[in-house]
Structures are given as structure tokens and as C-alpha cells.
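Chemist: fold the stuff below for me.
(one chain, ligands or ions: 1)
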Amino acid sequence: MPELAAVNGRISPIDEAKISINDRGMVFGDGVYEVIASYRGRLFLFDEHLRRLRRSLDAIRMEYVEIEPIAEQMNYLFERAALPRAKVYLQITRGTAPRDHAFPVPTRGPNVIITVREVHEIDQAKLDRGVACITHRDIRWGRVDVKTTNLLPNCLAKQAALDRGCFDAIFVSGEGIVREATSANLFAAKNGGLWTHPTDERILGGITRAKLIELARPKGIEVREEKFDVDFLLGADEVFITGTTTEVLPIINVDGRPIGGGKPGPLARRMLALLTEWLLMNVDS
Ligand code: PDD
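Modeler: Model prediction:
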């Protein structure tokens, strides 16, 4: 079956989907989004993604949007595309109106875009060998806990990493606090425990991050949701990043300096194994 799009309920192949040039998402990045992966025919942690979507909509004053019919559309399109491993993208913007910074009055319906595409599995060599990252000043706005479509700083940082032959960039605050990667959360391992930035307004509260913390603690792996700086990162035994499309990916080099001997470590492998095991037990085929 093909990859599909739905724009305000109108289903088409992705290349034929259309949106107005007055869409506020296009003009202002005035919208929010979610990315959900499927495993064995089921959308991974769908309810958690919908809860985060509710928070994002409320944060940008689109509390009037009802999520349930949108969730039904997502499920419908996902089932219709019938892809073995799919990535469902949802974008909700503040609708179509002539360009004006003020919200359109009266508020017309939002524009709801859904796409279902094939997931390209993360390269096994990257998982086995790990990847290199750069650090990058975090120039994003002050509410990155809201999953908005305003991702220009993320795109610039990702490209800066690629230009230097690296996989990704790690956002660091002006005070040297390590936050997250451009589309993934970050964990550092030290003496058998894990450190990750707390879920405040400076990182996106990842669904994968939360699930990994929930799986790690009962296994006796201590997880500290505390801020740490670049020196701590560079001195960590292991570093890895986590996300819907990233899963658990080891970082073996930051700014040209090897992490933990320059090889993926046991905790990253263990966390990926815990996630995979949880998926197999909780997602029926
Ligand atoms: N990004 N941090 C940022 C900045 C992100 O954009 C993402 C996800 C994450 C991880 O969140 P989750 O585990 O819920 O996927 C952390 C998606 C995948 C994207 O923009 O494509």
C-alpha cells in the first residue's frame, strides 16, 4: 500500500496533498506536531503522544481543538496505508487566514495534516559503532517543551553537525548545561547510573525518554533527572540519545573527543534491549 496523506480529512497520495499558502503553519510556524512510530501494526504509546499533543495545543491557545476525531483519522489512515513499519506525522496549525500576526477572528477551523510513511530502520552500523556529535549553542525559544513546528534552530544545528561530518548536534545553554539533541533526548551514564535533563521548559519531554526511565528504575538502574554540564558529558562513561525515530543511539564522540573509550557501552545496549523487550511484550501483532 502507498504512503498516504490526509489534509482536513481529504485522503491522497502524499505528493498530491495540498495546503493553502495562507496556512499559518507555513507562514508563521503557528502549529504543533507529533511523530508516532508503529511496531507490529500498532502505534507505539499512542495515548502518551495524544496527551502531549493536548498539552502542546493548550500551550499555544488552541484548547478548542478536539483530539478524539483527529486520533480516529490517524488510526484510519494508518490502517489504510497498511505499512509494516510506519511513521505517522500529525501537524495541527491555527488554520488559513491572510498573513497577520494576530490570531484570525473569528477562529476558523485548524488545518490538520496527517501523513503515514514507511520508517527507515536506523542503520545497524550506527547502533553497533555509535555516532559522533557536536555541541551547539541552544538558540531555541524558551518553551521547547511545546512540540511546535518552529524547528529552524533544530534544522540549523543538525546541518552544522552534518557539515562537520557528525550525526547530530547537542544543544548546550549559555551556562554550559547540556539539554538534548536536535530531535532526541540525551542520557549520560556514570558509575552505572543515568543522568538526563529534567523535563522543564528547556527540553521536549520525550515519550521514549519517559518509557526508558520507567523501564530502568525497577531494574535497579538509578536515573537522575538533573542538569549537568559539558565537562560532565565529556567525562561520562557513556552517552546516548533517545527518540521515536532514534530509539537508543550511542554517542561515542563529542566535539572530536571520545566518550568512554570511543565505543558504545553496556548501558546503551541494555536500554535498547529493555525497550525492545517491552515492545515485544506489549504490542500484539
Ligand atoms: N522528535 N527532543 C526533541 C527536540 C525532539 O524533536 C524529539 C522528537 C525528542 C524525542 O521525543 P520522542 O521520544 O517523544 O520521540 C526529543 C521527533 C521524532 C521529530 O521531530 O521528528
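
Chemist: from here on, contacts and neighbour counts on C-alpha atoms
Modeler: Will do.

Chemist: give me the helices and strands touching the helix or strand hosting residue 154, please.
Modeler: Taking DSSP states H and E as the criterion, residue 154 maps to helix 152-163. For helix 152-163, the contact count by 3 or more CA pairs under 8 Å, 6 or more residues apart in numbering; DSSP states H and E identifies strand 131-137, strand 168-172 as packing neighbours.

Chemist: contacts for the last one, please.
Modeler: It refers to strand 168-172. Residues outside strand 168-172 that contact it (CA atoms under 8 Å, 6 or more residues apart in numbering) are 132-138, 157-158, 160-162, 178-182, 230.

Chemist: up against the ligand, what does the stretch 51-200 of the chain have?
Modeler: Counting by CA under 6 Å from any ligand atom, the positions of the stretch 51-200 of the chain adjacent to the ligand are 182, 183, 184, 185.

Chemist: at 5 Å instead, please
Modeler: Contact residues (CA under 5 Å from any ligand atom) of the stretch 51-200 of the chain with the ligand: 183, 184, 185.

Chemist: ranges for the helices of the protein?
Modeler: 24-28, 46-59, 67-81, 124-129, 152-163, 207-216, 230-234, 266-282 (DSSP state H).

Chemist: can I get those helices in CSV including mean neighbour count?
Modeler: Written out in CSV, the entries for those read as follows (neighbours: other CA atoms under 10 Å):
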stretch, mean neighbour count
helix 24-28, 19
helix 46-59, 17
helix 67-81, 16
helix 124-129, 14
helix 152-163, 17
helix 207-216, 18
helix 230-234, 17
helix 266-282, 16
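
Chemist: residue 145: which of those helices is closest?
Modeler: Between residue 145 and those, the tightest spacing by CA to CA is seen for helix 46-59, at 8.0 Å.

Chemist: packing partners for the closest one?
Modeler: In terms of contacts (3+ CA pairs under 8 Å, 6+ apart), helix 46-59 is packed against strand 31-39, helix 67-81.

Chemist: any chance of the ones you listed in JSON lines with mean pLDDT as columns?
Modeler: Below are the helices and strands packed on helix 46-59 laid out as JSON lines (pLDDT from 0 to 100):
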{"stretch": "strand 31-39", "mean pLDDT": "96"}
{"stretch": "helix 67-81", "mean pLDDT": "97"}
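
Chemist: can you put these in CSV and add distance to residue 96?
Modeler: Putting the helices and strands packed on helix 46-59 into CSV (distance: least, CA to CA, whole Å) gives the following:
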stretch, distance to residue 96
strand 31-39, 12
helix 67-81, 18
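
Chemist: mind checking how far the closest residue to residue 272 other than its chain neighbours is from residue 207?
Modeler: If you skip the residues right next to it in sequence, residue 272 has residue 248 as its closest partner in space, 5.5 Å away by CA to CA, 6 or more residues apart in numbering. In this structure, residue 248 and residue 207 are 12 Å apart, going by CA to CA, to the nearest Å.
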